[in-house]
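Colleague: What shape does this take:
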Amino acid sequence: MNEQPRHNRLEELMPESSPKFAIDLTTALPPAPHIIHRALEEAFRQMCRADTTTMDIRHNRPGGAREDVECGSRWLRGRFEQELDPERIVVTNGTQSALNLLFGTMEPGATLFTESITYAVLKQLATRAGLKPIGVPVDQEGIIPEALEEGCLGRTGQRVLFCNPTVHNPTTAVMGGARRVHLAETCRRLGISIIEDDVLGFLHPDAPPPIAAFAPDITWYCMSVSKCFAMGLRFAYLLAPSADRARELVAPVQRLSWWFPNALSSLTINHWIRTGLAQQIIDAVRADIRERHAIASEILTATEYVTKPGSLHVWMPLPDRVERHALVNAAKLCGILIRPADVFAVSDSRVPNAVRVSLTAPPTTNDLTVGLSILDKLLGWEIQKAKESPFNDPTLGLSLLDKLLDGRSRRPRETRSKPLR
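Modeller: Okay, here's the model as predicted:
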């Protein structure tokens, strides 16, 4: 078989429209539709006109001011379809702070169950808090209740479940209503408290009600605005099982400001909720996500992937003979950054051979198109190379890039580091 000249292959991978910086397909950043700029302008003008703004930003807001929790109750009604007591709401400066607050109340050595692949920094947060994270097998709906029950055998002491049932990170699984009820009943019977992360609940159009709606007595519900509005706002609602539990959580740390919400973010988000701008922003974010999903559907044809409406990424299980680390390294040499499943794994055993590809991290759809095009060509070549090889070698992907880059500069492209999510 006549091999295509190497320089032609490289030019095909790196089109003229390729940007100077590496294309980041790792971070699940929310889109930034223009309405956010207009909404910020309107909120800031309102703040500047108000006589109370100077005093509002003069003080900290441990757990949120009264207006913050009332607006939070109004906002979360869209997920629960019922009135929520504002006294149950604690406002923090993000999901990680909410988790740190909750982990700080747990016994040293307590068991933290979670999906076998989960939120990338959960294992680190749990370990730093002295907890023991245990992965539970998942299927197309997320955590399997029977597997959770099996995992409890022989374990004593405090046990808590962290789960992400709506557009799970990273598999995009959505837990159906019946499974949510079953999981809640299992946890109640086993004496397991639940921490529910619903960060994409407002973006998935057909999201079932949260587990906290079925089992409010055993569930701490967390809703960050980092995906539906903007990550830099650093703002999250934590809904406690009761008003008393909320007060008990805040009382020991009300003078430790590391978890307090920012006053300007609070005022901004309150204005958006009161005026209806919050829903307009979500509508615009959903539209942007739909456009990016359409681009991915057209370009990513080399292998199948999994995603859901409202997801900021796709989950791509790889063919057996295309090894995930080889693909990640090869893509990086071509200026494309993606994440292997290992980043999300709770343990090093039985990590799926898959990668997560963000659709919303690139600032423009042109950057996304270029990045996905290069990745799809690279993946197609690796699949073809694996089929043609007489050897069952899982590292074939690197040899392809060695050929592509032979005789050319291997200087890495300049990259911008991004936080895990």
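Colleague: I figured Val343 hits Val121, correct?
Modeller: No - Val343 is beyond contact range of Val121, at 9.5 Å (criterion: C-beta atoms under 8 Å). For the C-beta atoms, the positions are set from N, CA and C on the backbone; glycine is no exception.
Colleague: So the spatially closest residue to Leu29 that is not a sequence neighbour versus Glu87, what's the distance?
Modeller: Using C-beta to C-beta, 6 or more residues apart in numbering and skipping residues adjacent in sequence, the residue nearest Leu29 is Ala361, 5.1 Å away. Ala361 sits 38 Å away from Glu87, taking C-beta to C-beta, to the nearest Å as the criterion.
Colleague: Of the two, which one has the most company?
Modeller: Ala361 (23 against 15; other C-beta atoms under 10 Å).
Colleague: Mind telling me what element that one is part of?
Modeller: Counting by DSSP states H and E, no helix or strand carries Ala361.
Colleague: Please name the residues that touch Phe344.
Modeller: Neighbouring residues of Phe344 by C-beta atoms under 8 Å, 6 or more residues apart in numbering: 117-120, 169-170, 356.
Colleague: Tell me where the stretch 1-150 of the chain is predicted with low confidence.
Modeller: 1-21 (pLDDT under 70).
Colleague: what about the helices in it?
Modeller: 6-13, 34-49, 53-56, 66-80, 95-103, 122-128, 145-152 (DSSP state H, counting those that start in this stretch).
Colleague: got those helices as TSV, with mean neighbour count and distance to Phe260 columns?
Modeller: Below are the helices of the stretch 1-150 of the chain laid out as TSV (neighbours: other C-beta atoms under 10 Å; distance: least, C-beta to C-beta, whole Å):
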stretch	mean neighbour count	distance to Phe260
helix 6-13	15	47
helix 34-49	14	18
helix 53-56	13	13
helix 66-80	19	11
helix 95-103	22	9
helix 122-128	17	18
helix 145-152	16	34
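Colleague: domain parsing for this protein?
Modeller: If you go by automatic domain parsing, the domain ranges for the chain are 6-29+284-405, 36-275.
Colleague: okay, the contacts of Phe344 in TSV with neighbour count and distance to Cys228 next?
Modeller: Compiled in TSV, the contacts of Phe344 are given as follows (neighbours: other C-beta atoms under 10 Å; distance: C-beta to C-beta, whole Å):
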residue	neighbour count	distance to Cys228
Ile117	25	23
Thr118	25	20
Tyr119	23	17
Ala120	19	19
Asn169	25	14
Pro170	30	18
Arg356	25	19
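Colleague: Looking at those, which are in strands?
Modeller: In strands, defined here by DSSP state E, the members of the contacts of Phe344 are Arg356.
Colleague: And the contacts of Phe344, which is closest to Gly94?
Modeller: Tyr119 (12.4 Å; C-beta to C-beta).
Colleague: hmm, back to that, looking at the helices of the stretch 1-150 of the chain, spot the one closest to Ala302.
Modeller: Across the helices of the stretch 1-150 of the chain, closest to Ala302 is helix 6-13 (C-beta to C-beta), at 13.2 Å.
Colleague: what about the residue nearest to Phe80 when sequence neighbours are not counted, how many neighbours?
Modeller: If the residues on either side of it in the chain are set aside, Phe80 comes closest to Ala213, at 5.2 Å by C-beta to C-beta, 6+ apart. A total of 19 residues lie near Ala213 under the criterion other C-beta under 10 Å.
Colleague: Report the buried residues of stretch 296-310.
Modeller: For stretch 296-310, burial by neighbour count (16 or more other C-beta atoms under 10 Å) applies to 296, 299-300, 302, 305, 307-310.
Colleague: Determine which two of the residues you listed are furthest apart.
Modeller: Ala302 and Gly310 (24.4 Å).
Colleague: need the contact list for the closest residue to Leu148 other than its chain neighbours.
Modeller: In space, and not counting its chain neighbours, Leu148 is closest to Val136: 5.1 Å by C-beta to C-beta, 6+ apart. Val136 makes contact with 113-116, 143-144, 147-148, 151, 161 under the criterion C-beta under 8 Å, 6+ apart.
Colleague: Pull out the buried residues from these.
Modeller: Among the contacts of Val136, those scoring as buried are 113-116, 143-144, 148, 151, 161 (criterion: 16+ other C-beta under 10 Å).
Colleague: Make JSON lines out of the residues you listed and add distance to Arg292.
Modeller: Formatted as JSON lines, the buried ones among the contacts of Val136 follow (distance: C-beta to C-beta, whole Å):
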{"residue": "Phe113", "distance to Arg292": "33"}
{"residue": "Thr114", "distance to Arg292": "28"}
{"residue": "Glu115", "distance to Arg292": "25"}
{"residue": "Ser116", "distance to Arg292": "28"}
{"residue": "Ile143", "distance to Arg292": "28"}
{"residue": "Ile144", "distance to Arg292": "31"}
{"residue": "Leu148", "distance to Arg292": "34"}
{"residue": "Gly151", "distance to Arg292": "36"}
{"residue": "Leu161", "distance to Arg292": "32"}
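Colleague: now, which of these sits nearest Ser257?
Modeller: Ranked by distance to Ser257 (C-beta to C-beta), the buried ones among the contacts of Val136 are led by Thr114 at 28.3 Å.
Colleague: Quick one: the strands in the protein, in order.
Modeller: So, for the chain - with DSSP E - the strands run 23-24, 89-92, 111-115, 132-136, 138-139, 142-143, 159-163, 193-197, 219-224, 236-239, 313-317, 336-337, 339-340, 354-358.
Colleague: With respect to Ala263, which of the ones you listed lies nearest?
Modeller: That would be, of the strands of the chain and by C-beta to C-beta, strand 89-92, which comes in at 11.0 Å.
Colleague: Contacts made by the closest one with the rest, please.
Modeller: 61, 63-64, 68-69, 72-73, 76, 98, 101, 235-240, 246, 249-250, 259-261, 266.
Colleague: circling back: now the contacts of Phe344 in TSV, please, with extra columns for distance to Ile374.
Modeller: Output for the contacts of Phe344, formatted as TSV (distance: C-beta to C-beta, whole Å):
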residue	distance to Ile374
Ile117	26
Thr118	29
Tyr119	28
Ala120	24
Asn169	24
Pro170	21
Arg356	17
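Colleague: what's the closest of the contacts of Phe344 to Gln280?
Modeller: Closest to Gln280, out of all of these and judged by C-beta to C-beta, is Asn169, at 25.4 Å.
Colleague: got the contact list for that closest one?
Modeller: Counting by C-beta under 8 Å, 6+ apart, Asn169 has contacts 28, 118-120, 199-200, 313, 344, 421.
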